[in-house]
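>>> okay, sequence plus prediction incoming.
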Amino acid sequence: MSSAPRLLALGAVLRQYEDYWRPAPFWQRHPAWCDSTPDLVAAVMTLNDAETEILAADNARLWRWLARYMPDWAHFAELCALPAPRHDPIPDLGRRSWHIPGRKQAQIQAFADVLGEPVAAIVEWCSGKGHLGRHLGSQWQLPVLSLELDAALCAAGQDFADHMALDQTFLQADALATGSAAHLAQRHAVALHACGDLHRALLVGAKAHGALAIDLAPCCYYRINTPRYQPFNPEADVPLSQSDLHLAVTETTTAGGRERRQRDVAMARKLGYLAWCHDHGDASRQAGLKPVPAAWNRRPFADYVQAMAARDGLGWDARADWRAYAETGRARQKEVMRLSLIRLAFRRPLEIWLALDQALYLERADYAVTLREFCAPGLTPRNLLLSARRQATI
Ligand SMILES: C[S@@+](CC[C@H](N)C(=O)[O-])C[C@H]1O[C@@H](n2cnc3c(N)ncnc32)[C@H](O)[C@@H]1O
């Protein structure tokens, strides 16, 4: 079935509810939906910290909770349903698993299990050390060309392959350069976690040069060299900035307790600082904040603001009520976490919409395409797998 109807239906909902997902409550204290759906605000603000955390980390639970206040969610959740493996694999890669970090091993095995037998020699796009290519090449006894920009990763990957006497060759090349896509011709292209422009180049190159098959797990959709998302199809008519694209990859799934506490403190401090900036007539912080060194979060709050203000070229007054600003930051952080749940509910629909735009592009280039999840989100939240086979090859 064509991806077009689903792309259109998801796009319509994204447009209808854009007030709920475009504004980030971190920057916009009172998004418009707070006025239009006060019962939703009341409900979200009564959640405790643990409930907020659980809903933020689990799309399915969040959608069930939201469906009580937004009945359209049941339909929306249906549009986002994808085939998925019943269980994640227990990694058993034997010699192939050398030097692959544990979680990556399981991702690779899950990806390979769902892919099945490649239809031709493999080209591994943005391969890193070529762990996926090594696994597939050794499993199916096929030649592998691993294309990667970083020379050190290429050298390390080539060492592993040579050690196993595998037919895997690393090509140190820029995937975005003219000429790289020619390597896709008549091959089976695989890419695990290729970012924005890199996976775009793969899809465009595969079509132009006639790749026989593509298996792509996209990630970091916002890493693009254009200020806005360039859709592949006219039906993909939801305008997206780079910051909107960030939403598709916003996750809290893999953060542990200590990491979460550090994240909360860091956010509360930034919000306390923004409150201080606001009171001092500096609205320019709305444009964004530079990354904050972790060590600054361990300083007394007054010193933290002094360091931030110095970096931002603002004057600083030691007599401010720092205790009050720190408390404002903590209260705002709790509010932001709760209000952001509504926005987070749209991250997966947005990601699936982006993948459907890619799927439709390949269908129109005469590929048979399936979109599915290759593993549970706990293994990697970037678990979408777009599989395309040239019609003549199946
Ligand atoms: C997220 S990593 C994924 C690596 C590997 N596929 C994996 O799953 O372990 C993305 C890889 O793309 C590579 N890369 C970044 N820009 C590139 C470019 N312009 N051309 C080729 N590779 C690039 C990076 O060096 C990195 O190894």
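Now that the structure is in, tell me what you want to look at. These numbers were taken from a predicted model, which means no experiment stands behind them.
>>> for Leu14, give me its contacts.
Leu14 makes contact with Trp21, Val238, Phe346, Pro349, Leu350, Trp353 under the criterion Cβ atoms under 8 Å, 6 or more residues apart in numbering. (C-beta placed from N, C-alpha, C; glycine too.)
>>> low-confidence regions, the stretch 151-300 of the chain specifically.
Along the stretch 151-300 of the chain, the model assigns pLDDT under 70 to residues 252-255, 283-287.
>>> one more time with 90, if that's ok
For the stretch 151-300 of the chain, residues meeting the criterion pLDDT under 90 lie at 243, 250-261, 278-290.
>>> helices of that one, residue ranges please.
Applying DSSP state H, counting those that start in this stretch to the stretch 151-300 of the chain gives helices spanning 151-163, 196-209, 242-247, 257-279.
>>> can you put those helices in JSON lines and add distance to the ligand and mean neighbour count?
Shown next, in JSON lines, are the helices of the stretch 151-300 of the chain (distance: least, Cβ to the nearest ligand atom, whole Å; neighbours: other Cβ atoms under 10 Å):
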{"stretch": "helix 151-163", "distance to the ligand": "5", "mean neighbour count": "16"}
{"stretch": "helix 196-209", "distance to the ligand": "6", "mean neighbour count": "21"}
{"stretch": "helix 242-247", "distance to the ligand": "16", "mean neighbour count": "18"}
{"stretch": "helix 257-279", "distance to the ligand": "20", "mean neighbour count": "17"}
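>>> how about the contacts made by the residue nearest the centre of the chain?
For the chain, the residue sitting closest to the mean C-alpha position, by Cα atoms, centre = their mean, is Val249 at 2.7 Å. Val249 sits next to Cys219, Cys220, Tyr221, Tyr222, Arg347, Glu351, Pro381, Arg382 when contact means Cβ under 8 Å, 6+ apart.
>>> contacts made by stretch 42-62 with the rest, please.
65, 68-69, 77, 251-253, 260, 334-335, 337-342, 344-345, 347-348, 377.
>>> compute the first-to-last residue distance for that stretch.
Stretch 42-62 has an end-to-end distance of 16 Å (criterion: Cα to Cα, to the nearest Å).
>>> tell me the buried residues within the contacts of stretch 42-62.
Neighbour-count burial (16 or more other Cβ atoms under 10 Å) is assigned, among the contacts of stretch 42-62, to 65, 77, 251-252, 334, 337-342, 344-345, 347-348, 377.
>>> and the least confident of the residues you listed?
Here the lowest pLDDT out of the buried ones among the contacts of stretch 42-62 sits on Thr252, with 64.
>>> count of neighbours near Ala294?
Ala294: 9 surrounding residues under other Cβ atoms under 10 Å.
>>> this structure against the ligand: which residues are in contact?
Residues of the chain lying near the ligand by Cβ under 6 Å from any ligand atom: 104, 126-128, 131, 148-150, 153, 174-176, 192-193, 198.
>>> out of these, who has the most neighbours?
Of all the residues of the chain next to the ligand, Ser127 has the most neighbours under the rule other Cβ under 10 Å, reaching 29 neighbours.
>>> work out for me the element that one sits within.
According to DSSP states H and E, Ser127 maps onto no helix or strand at all.
>>> ok, the one 5 residues further on next?
Under DSSP H and E, the secondary-structure element containing Leu132 is helix 131-140.
>>> ok now whatever helix or strand comes next after that helix, how far from the chain's centre?
Using DSSP H and E, the helix or strand that follows helix 131-140 in sequence is strand 144-148. In terms of Cα atoms, centre = their mean, to the nearest Å, the centre of strand 144-148 is found 23 Å from the chain centre.
>>> next one: stretch 380-394
Remark: stretch 380-394 is offset 18 Å from the chain centroid, using Cα atoms, centre = their mean.
>>> which parts of that stretch are buried?
Going by neighbour count (16+ other Cβ under 10 Å), the buried part of stretch 380-394 is Thr380, Pro381, Arg382, Asn383, Leu384, Leu385, Leu386, Ser387, Ala388, Arg389, Arg390.
>>> skipping adjacent residues, who's closest to the last one in space?
Spatial nearest neighbour of Arg390, chain neighbours left out: Leu212 (5.1 Å); criterion: Cβ to Cβ, 6 or more residues apart in numbering.
>>> now the fifth one
Closest residue to Leu384 in three dimensions, ignoring its sequence neighbours and counting by Cβ to Cβ, 6+ apart: Ala355, at 5.1 Å.
>>> tell me the SS of that neighbour?
Here Ala355 is helix, with the state taken from DSSP: H, G, I helix; E, B strand; the rest coil.
>>> for it, give its distance to the ligand.
17 Å (Cβ to the nearest ligand atom, to the nearest Å).
>>> right, and that residue touches Leu386 too?
Yes. In this structure Ala355 lies within contact range of Leu386 using Cβ atoms under 8 Å: 5.9 Å.
>>> okay, and the common contacts of these two?
Pro218, Leu371.
>>> what about the residue of the chain positioned farthest from its centre, distance to the ligand?
Here the chain reaches farthest from its C-alpha mean at Arg319, the gap being 42.7 Å by Cα atoms, centre = their mean. Arg319 sits 48 Å away from the ligand, going by Cβ to the nearest ligand atom.
>>> hang on, that residue in a strand?
No. The assignment for Arg319, made by three-state DSSP, is coil rather than a strand.
>>> check the secondary structure at the nearest residue to Arg187 once chain neighbours are set aside for me.
Excluding its sequence neighbours, the residue lying closest to Arg187 (Cβ to Cβ, 6+ apart) is Val123, at 4.4 Å. Three-state assignment for Val123 (three-state DSSP): strand.
>>> surely Val123 touches Ala185?
No. Contact between Val123 and Ala185 fails when scored by Cβ under 8 Å: they sit 9.1 Å apart.
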